[in-house]
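Asks: here is my input; please provide its structure:
(chains A and B)
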Number of protein chains: 2
Amino acid sequence: MDTIANAITIERAKTSKIDQVDFNNLAFGKVLTDHMLVCDYKNGAWETPKVVPYQPITLDPSAKIFHYGQSVFEGMKAYKDSEENVWLFRPLDNHKRINISSKRLAIPEIPEDYFMEGLKALLKVDEQWIPTSEGSSLYIRPFIFATGTGFHASPADEYKMIIACAPSGSYFAGKVKVLIEETYSRSANGGVGFAKAGGNYAGQFYPTQLAVEKGYNQVIWTDDNTHEYIEEAGAMNIFIRINDTLITSPTSDRILDGITRKSIIEIAKDENIPVEVRKITVSEVVEASKNGSLKEMFGAGTAAVISPISGFGYRNEEYDLPELENSYAALLKKRITDIQYNKVEDKFGWRYKL
Amino acid sequence: MDTIANAITIERAKTSKIDQVDFNNLAFGKVLTDHMLVCDYKNGAWETPKVVPYQPITLDPSAKIFHYGQSVFEGMKAYKDSEENVWLFRPLDNHKRINISSKRLAIPEIPEDYFMEGLKALLKVDEQWIPTSEGSSLYIRPFIFATGTGFHASPADEYKMIIACAPSGSYFAGKVKVLIEETYSRSANGGVGFAKAGGNYAGQFYPTQLAVEKGYNQVIWTDDNTHEYIEEAGAMNIFIRINDTLITSPTSDRILDGITRKSIIEIAKDENIPVEVRKITVSEVVEASKNGSLKEMFGAGTAAVISPISGFGYRNEEYDLPELENSYAALLKKRITDIQYNKVEDKFGWRYKL
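Replies: Numbering: from 1, shown residues only, chains lettered A, B, ... in the order given. Sure, this is the predicted structure:
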């Protein structure tokens, strides 16, 4: 570990943009920090990562990222506590997952120390960019894409990993209304749905636009074969509370193994909430809504944290969710963010001090 | 049409790379010509296309192409006949299809005259790059990708279309051996499989690598639900000859509407070959191989033209195809390339003179 940490070079930006940023009114992922980490893969190996001023990338027009969608990414956050300590949340899981995604996309895996030491070096340089305002954090975006060239439809021979950061507020403003989708699908059995692959997101934009035109914020995807099973929301995993039981779909080759998702499952169990990780049908949710046993639905993901759902649309019918005083969503969101911001004990060992 | 044709600006390269190219030993899509067409989408409209020297592209690291796979492309070819006339093959169909792909990926559609007049202007400038050696042509790659920035998972507000060209020889050298895939899948019902979307290709690389390690050249994809139906080969549509009947799968939201595919269907009918466009199961093909009625299999696509298949693997068994003297593949390839190179009459009206 020490070797690569010592080898990382740092080129500081001549001027900082930080004074131009209103840290009390942060959008999501729009303002980038002064630096980025860059790590190139050439001649069969990852080169030494370097911290450089945030700057444009120059690529050949035949670079395979433009043609064959060979890219993966991660979403992480850095949090500052009241004593200005900086914390990450389960970052080694992000490293593991980017390699799981990369393998499926025929992208070379990045060694753990390149990823972690590179990330630490970057965050040290841009530490003052980590916001302290309530509900804000530094959103961290590691991404890897094909820079190798040529029009042959085959894996590239060169890649670039970049880690860029954006001080960010909420992903969604307020509660979200979702549409349960039956025409379009997010992923295939044996496909790349479990990976954070770029192409998974582009494919969701058009169906989501159609849903937005109908007054929804997001789509809930169902399986492409029967459209009977709830899968995920594309940028979030989905949790459903029927009576007092919290239900979420098992991960599969179609569903992302969300880090927030699995943390929520553990916290809920710790709170003695009955949790079921099992397939759940749309008709079960509709029936529960009709008979009053559907209490809550919420999305869970790094960007959105926990995003309560106010209602859903299905086959041209609207289903509203009740307003609860003591919701699981509120309880679980407080518990996970308190861990993330170092406000409470972390019995799970998830916090990672920078 | 005239208006945009007259507005296109041309900036010529100061020097040409053409003398460095061995036109008798062309690989596929590796050497790019001196110029490219660039057309930007900004503020809700496509700007005037321009021909510029082939050069690197500079993008912000938060450009959505790097994160969300928002890209589409086309594959076309320009052919030179013995009198140095230049021909395209059904180019308006490529224009239509790139817009079909773009719509599914939430990319703004490109007007026909921007695409066609831009392409013509580019080919006029790089006309000397169109090879005349047997079996060679100028491979043309129009592609559109998201240049708009930000980490929010939503469509970009800016895009770039580029058309780049590469004088090219064969895509495959010789016959190909394929593996009928049952574990991995290419596309979902209601997904983006019918579109030439970048993400469709990256998802195929890893399963194809596994097939290559087993001695195959390509994967034949089956439906993701039952794996019973033959779909396509990712870079080619698939044709199967049982006795004297030529069979190919119908297009769907999972299968690309290939221009070579539909041309082959029309030519075959014109040659009085019995053609069936219908679903075909793997077991039917295996059975036909066992009883000797399976005569031919071949792939069809712009890059590969017609690519005869020498055998296939399925569930750890190998199935060889017979060597035929008068194959449909050879007959159809000769007929379509003779049309493309202006060696015979084109009763279909497919040739497009530059």
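Asks: residues from the stretch 151-300 of chain A in reach of chain B?
Replies: Within reach of chain B by CB under 8 Å from any CB of the partner chain, the stretch 151-300 of chain A has these residues: A:151-155, A:162, A:164, A:166, A:168, A:171, A:183-192, A:197-206, A:208-209, A:224-225, A:234-235. The C-beta positions use only the backbone N, C-alpha and C, and glycine is treated the same way.
Asks: show the buried residues in those residues.
Replies: Burial by neighbour count, 16 or more other CB atoms under 10 Å in any protein chain shown: within these this picks out A:151-155, A:162, A:164, A:166, A:168, A:171, A:184-192, A:197-206, A:208, A:224-225, A:234-235.
Asks: isn't A:Thr302 right next to A:Tyr79, touching?
Replies: No - with contact defined as CB atoms under 8 Å, A:Thr302 does not count as touching A:Tyr79 (11.7 Å).
Asks: quick one on the thing from earlier: out of the buried ones among the residues of the stretch 151-300 of chain A next to chain B, name the ones that lie in helices.
Replies: Judged by DSSP state H, the subset of those located in helices is A:198-206, A:208.
Asks: which residues touch the closest residue to chain B within chain A?
Replies: As assessed by CB to the nearest CB, chain B sits closest to A:Gly199 within chain A, at 1.6 Å. Contacts for A:Gly199 (CB atoms under 8 Å, 6 or more residues apart in numbering or on different chains) come out as A:69, A:71, A:192, B:69, B:192, B:197-200, B:202-203.
Asks: now it. Nearest residue, chain neighbours left out?
Replies: B:Gly199 (1.6 Å; CB to CB, 6 or more residues apart in numbering or on different chains).
Asks: do the same with A:Glu47
Replies: A:Asp40 (4.8 Å).
Asks: any idea how far the helix or strand bottoming out on mean pLDDT in chain A is from the middle of the chain?
Replies: Every helix and strand in chain A was compared by mean pLDDT, DSSP states H and E; the lowest is helix A:2-7, with a mean of 88. Distance of helix A:2-7 from the chain centroid (CA atoms, centre = their mean, to the nearest Å) equals 28 Å.
Asks: tell me which stretches of the stretch 251-354 of chain A form helices.
Replies: Taking DSSP state H, counting those that start in this stretch as the test, the helices found in the stretch 251-354 of chain A are A:259-270, A:282-291, A:328-340.
Asks: quick one, which of those helices is nearest to A:Ser137?
Replies: Closest to A:Ser137 of the helices of the stretch 251-354 of chain A is helix A:328-340 (CB to CB; 7.7 Å).
Asks: what helices and strands are in contact with that closest one?
Replies: strand A:86-89, helix A:259-270, strand A:294-301, strand A:305-314 (3 or more CB pairs under 8 Å, 6 or more residues apart in numbering or on different chains; DSSP states H and E).
Asks: okay, now the unreliable bits of chain A?
Replies: Along chain A, the model assigns pLDDT under 70 to residues A:1-2.
Asks: domains of it?
Replies: Annotated domains of chain A cover A:2-168, A:176-341 [automatic domain parsing].
Asks: looking at those domains, which is nearest to B:Tyr114?
Replies: domain A:2-168 (17.9 Å).
Asks: any idea how many residues pack against A:Asn85?
Replies: 13 (other CB atoms under 10 Å in any protein chain shown).
Asks: again, but for the one 5 residues further on
Replies: Close neighbours of A:Arg90, defined as other CB under 10 Å, add up to 21.
Asks: again, but for A:Phe172
Replies: A:Phe172 has 17 neighbouring residues, counting by other CB under 10 Å.
Asks: which ones are touching the nearest residue to A:Asn99 once chain neighbours are set aside?
Replies: Closest residue in space to A:Asn99, ignoring its immediate chain neighbours: A:Glu109 at 4.2 Å, by CB to CB, 6+ apart. By CB under 8 Å, 6+ apart, A:Glu109 lies in contact with A:99, A:102-103.
Asks: the nearest residue to A:Glu271 once chain neighbours are set aside and A:Phe89, how far apart?
Replies: For A:Glu271, ignoring the flanking residues on the chain, the nearest one in space by CB to CB, 6+ apart is A:Leu331 at 6.7 Å. Distance of A:Leu331 to A:Phe89, given as CB to CB, to the nearest Å: 18 Å.
Asks: next: A:Met297.
Replies: Distance, A:Met297 to A:Phe89, using CB to CB: 23 Å.
Asks: what do you get for A:Ile144?
Replies: Relative to A:Phe89, A:Ile144 is positioned 21 Å away (CB to CB).
Asks: check A:Cys39 too.
Replies: Going from A:Cys39 to A:Phe89 by CB to CB gives 22 Å.
Asks: circling back: hang on, the residue nearest to A:Glu271 packs against A:Asp270?
Replies: No - with contact defined as CB under 8 Å, A:Leu331 does not count as touching A:Asp270 (11.2 Å).
Asks: quick one on the thing from earlier: now the ones in helices among the buried ones among the residues of the stretch 151-300 of chain A next to chain B in TSV, with distance to A:Thr281?
Replies: Formatted as TSV, those follow (distance: CB to CB, whole Å):
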residue	distance to A:Thr281
A:Gly198	30
A:Gly199	28
A:Asn200	23
A:Tyr201	26
A:Ala202	28
A:Gly203	23
A:Gln204	22
A:Phe205	27
A:Tyr206	26
A:Thr208	22
